[in-house]
Each structure stands twice: as C-alpha cells, then as structure tokens.
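Novice: pasting the sequence and the predicted coordinates here, then a few questions.
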Amino acid sequence: MIGRLQCVVVDCPDALELARFYQSVLGGELNRPDPRWALSDDWATLHTDSGLVLAFQGVDEYVPPRWPDPARPQHFHLDVDVPDLDRAQRQVLRLGATLLDDGGGTRGWRVYADPAGHPFCLVRG
C-alpha cells in the first residue's frame with residue numbers, strides 16, 4: 001500500500017453550497033476543523049458518519065460533466081444506497097438535484113445530477 005484515501009475532492013462553482021447539498025443527502029458534519037487542510041471560501045468539507053470525507057473545491061470557470069457525453073465525462077460519481085427509490089428521489093429533487101436517467105422504471109438505480117452537474121446514483125439497498 002502506498003497510502004490511504006484522505007478525502008474525495010470535487011470541483012464545483014460554489015464549495016459551501018455543494019457541501020450543504022451533500023450534507024442533506026448523506027448527513028455528517030460540515031466544515032469540521034481538521035489539521036489536514038484549511039477551510040476557506042473556496043474549500044469546504046463534509047465528514048460523513050461512515051468516515052468518508054468529501055471535500056469541495058471552488059473552481060473559476062467551472063464546466064460541469066454532461067451525462068452520458070464522453071466529450072464531457074463524469075469527473076466522479078457517488079452511489080448512495082437507499083431503502084426507497086421513490087422517496088429518495090423526491091428528497092434529492094427538492095434539494096436541487098436533476099433526474100438524468102430513471103432506469104426505465106425497472107432497474108434498482110437512478111442517475112441524477114447534483115446542483116453543480118456532477119452525476120450521482122441512488123441505488124435501492
């Protein structure tokens with residue numbers, strides 16, 4: 001092993017706004033003091049209950065990925081395990097997500113874009 005995963009860093013137009021979106025989806029603590037980095041207007045973090053840390057980095061002239069366009073591919077994506085897809089869909093849409101692929105209504109997952117355009121999936125647990 002060379003190292004351990006410290007956090008997943010996500011480029012976006014507004015770091016705090018996207019961190020708040022994912023806090024609403026995943027829970028956790030926003031901008032917990034951590035000696036590994038300094039918080040700023042362009043850097044926000046979310047320490048999730050599972051131990052994973054997501055970091056959000058504000059980027060000037062941000063260009064979001066486009067699903068499923070290989071010319072503007074996903075920069076990352078998260079799979080979020082949920083017990084009820086329909087209920088979870090209503091919740092993420094209220095938070096500002098956009099439905100990208102409903103899985104034809106028969107698959108156990110659906111693809112969304114977060115408010116900054118990053119794809120993520122809700123997966124029936």
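Specialist: Okay, I see it. Numbering: from 1, shown residues only.

Novice: quick check: residue 78 touching residue 123?
Specialist: No. Applying C-beta atoms under 8 Å, one finds residue 78 not in contact with residue 123, separated by 10.0 Å. Just so you know, the C-beta spots here come from the backbone N, C-alpha and C atoms, and that holds for glycine as well.

Novice: name the SS class of residue 91, please.
Specialist: The three-state assignment at residue 91 reads helix, by DSSP: H, G, I helix; E, B strand; the rest coil.

Novice: for it, give me its contacts.
Specialist: residue 25 (C-beta atoms under 8 Å, 6 or more residues apart in numbering).

Novice: just give me the neighbour total for residue 27.
Specialist: When neighbours are defined as other C-beta atoms under 10 Å, residue 27 has 11 of them.

Novice: pretty sure it is touching residue 49, no?
Specialist: Yes. The pair residue 27 / residue 49 is scored as a contact, 5.6 Å apart, by C-beta under 8 Å.
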